[in-house]
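Visitor: structure of the sequence below:
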Amino acid sequence: MYIEFKDMPEDSRVWIYQAARRFSGHEKELIASKLSIFCDGWNTHGNRMPTSFEILDDQILVLAVDESGLGASGCSIDSSVRTLRELEDEIENNITDQGKVTFKSISGEISVVSALGIKSKVTSGEIGFQTLVINPQVQSKKDLESVWILAGNSWLSRYFPN
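Guide: Presented below is the predicted three-dimensional model:
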């Protein structure tokens, strides 16, 4: 059953999806419409779960499930990914590819790059110690407080000189 994101418990499980580009106003409306319907019927083994979604920075999509009653099953998670892939096709924006890193420039512009080429972004100076990157450790709604962390405090720290 769909619940407003602000009303989801802080310990709700979340999945973060990083879109390749910003969503337009029309795309955000379409996403909201489709995900509201999806969340309203999202279930695990026939039992509906309290669920929601949020769009952060016009480019980051967060799905949330309150697992206090029932945990999300593999099949229910697969159904969410199928829905997101349908959205991807409709808006022509890569959402579900997990092999990417999202970072934010000092001016606030969000960039998404392949994880395979991230070291070159660091060595070229495009990503610095103080650059904000998406925190891959976020697992709960409460963790969203630290969805953006300094690159120097992330797994990217291995690419910076000590």
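Visitor: torsion angles phi and psi at Gly117?
Guide: In terms of degrees, to the nearest 10, the main-chain angles of Gly117 are phi -100, psi 10.
Visitor: no no, Phe53
Guide: The main-chain torsion angles of Phe53 are listed as degrees, to the nearest 10 and equal phi -150, psi 160.
Visitor: for the one 4 residues further on, same thing?
Guide: Asp57 adopts backbone torsions of phi 50, psi 30, taken as degrees, to the nearest 10.
Visitor: who's in contact with it?
Guide: Contacts of Asp57 were listed using C-beta atoms under 8 Å, 6 or more residues apart in numbering, and they are Lys104, Ile110. No exception for glycine: its C-beta is placed from N, CA and C like everyone else's.
Visitor: also Ser52?
Guide: Taking C-beta under 8 Å, 6+ apart as the test, what Ser52 contacts is Tyr2, Ile3, Glu4, Phe5, Asp7, Met8, Ser12, Cys39, Leu63, Ala64.
Visitor: lowest-confidence one in those residues?
Guide: Between the contacts of Ser52, the one the model trusts least by pLDDT is Cys39, at 85.
Visitor: make sure that one is actually in contact with Glu4.
Guide: No - shown here, Cys39 and Glu4 do not form a contact pair, counting by C-beta atoms under 8 Å, at 10.5 Å.
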